[in-house]
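Visitor: Could you look at this predicted model? Sequence included:
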Amino acid sequence: MAARTSALVILSLLLAGCAAMTEGECRSADWYKTGYRDADPYGLQPQFYVYEHQCHAWVQASQADYMRGWVDGYREFNTRMTGSECCR
């Protein structure tokens with residue numbers, strides 16, 4: 001079970017590194033939801049600088065909104081994985 005979970009996490013990280021946002025996705029992005037989605041359900045490290053680089057020609061990504069979403073999503077992920085609240 002642990003090996004399967006590790007394989008899924010590694011695969012998710014690899015796929016996240018390859019995913020590029022289009023101009024339309026950049027312009028319509030909800031940065032809070034994007035951060036939340038990165039942290040929960042996968043527990044990924046923050047990817048804000050990847051998005052900032054991909055979208056810099058069209059919009060200025062909101063790091064504050066992204067990180068608020070990421071913190072909330074990571075809290076949910078950690079609570080589900082460990083059964084306890086972290087990060088208060």
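Guide: Received the coordinates, thanks.

Visitor: just the helices in this structure please.
Guide: 2-18, 23-28, 31-39, 48-55, 63-82 (DSSP state H).

Visitor: ok, now which ones touch the residue lying closest to residue 37 once chain neighbours are set aside?
Guide: Closest residue to residue 37 apart from its sequence neighbours, by C-beta to C-beta, 6 or more residues apart in numbering: residue 73 at 6.8 Å. C-beta: built from backbone N, CA, C; applies to glycine. Shown here is residue 73, whose contacts under the criterion C-beta atoms under 8 Å, 6 or more residues apart in numbering are 35-40.

Visitor: By neighbours, which of those residues wins?
Guide: Among these, the one with the most neighbours (other C-beta atoms under 10 Å) is residue 35, at 28 neighbours.

Visitor: Quick check: closest non-adjacent residue to the most centrally placed residue in the chain.
Guide: In the chain, the residue lying closest to the centroid (C-alpha atoms, centre = their mean) is residue 38, at 1.7 Å. Excluding its sequence neighbours, the residue lying closest to residue 38 (C-beta to C-beta, 6+ apart) is residue 44, at 4.6 Å.
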